[in-house]
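Colleague: Here you go, sequence then predicted model.
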Amino acid sequence: MNQDKFALPIHWNDYEDIAMGLYEKMGDEFGESKIYRVRFTEMMDWVLTLPHFKGTKEECNEGHLEQIQSAWVYEWRDNQ
């Protein structure tokens, strides 16, 4: 049975889930300094392509992206 179909949808305020998804997608090549240099428009596009993400571009704001960026850095640090 496919466990993926039971995964909960991810929305813009699910910062830790998004950060884990970005870390899995980008891996260790995106270190702390590189994460902080990512353009928000680029990050938004990456988030929109994550599996189970159900938010829209229109629902996104700078505050969401700042929180995601910080959570992504913490996720990267936790895996070092």
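Modeller: Happy to help now that I have it.
Colleague: residue closest to the middle of this protein?
Modeller: With distances taken as CA atoms, centre = their mean, the residue of the chain nearest its centroid is I18 (3.2 Å).
Colleague: List the contacts of that residue.
Modeller: Going by CB atoms under 8 Å, 6 or more residues apart in numbering, I18 touches I10, W12, V47, L50, F53, I68, A71, W72. All C-beta atoms are positioned from the backbone trio N, CA, C, and that covers glycine.
Colleague: Which ones among the residues you listed map onto helices?
Modeller: Of the contacts of I18, the ones assigned to helices by DSSP state H are V47, I68, A71, W72.
Colleague: Report the contact partners of the second one.
Modeller: Looking back up the chat, that one is I68. Contact analysis of I68 by CB under 8 Å, 6+ apart lists Y15, I18, A19, L22, M43, V47.
Colleague: how about a cut-off of 6 Å?
Modeller: Y15, I18 (CB atoms under 6 Å, 6 or more residues apart in numbering).
Colleague: hey, where'd the strands end up in the protein?
Modeller: Counting by DSSP state E, the chain has no strands at all.
Colleague: For it, which segments count as helices?
Modeller: Remark: helices assigned in the chain by DSSP H are 15-26, 32-35, 40-48, 62-78.
Colleague: how far is the shortest one from where the chain is centred?
Modeller: Relative to the centre of its chain, helix 32-35 is centred 14 Å away, using CA atoms, centre = their mean, to the nearest Å.
Colleague: what helices or strands is it leaning on?
Modeller: Judged by 3 or more CB pairs under 6 Å, 6 or more residues apart in numbering; DSSP states H and E, the packing partners of helix 32-35 are helix 62-78.
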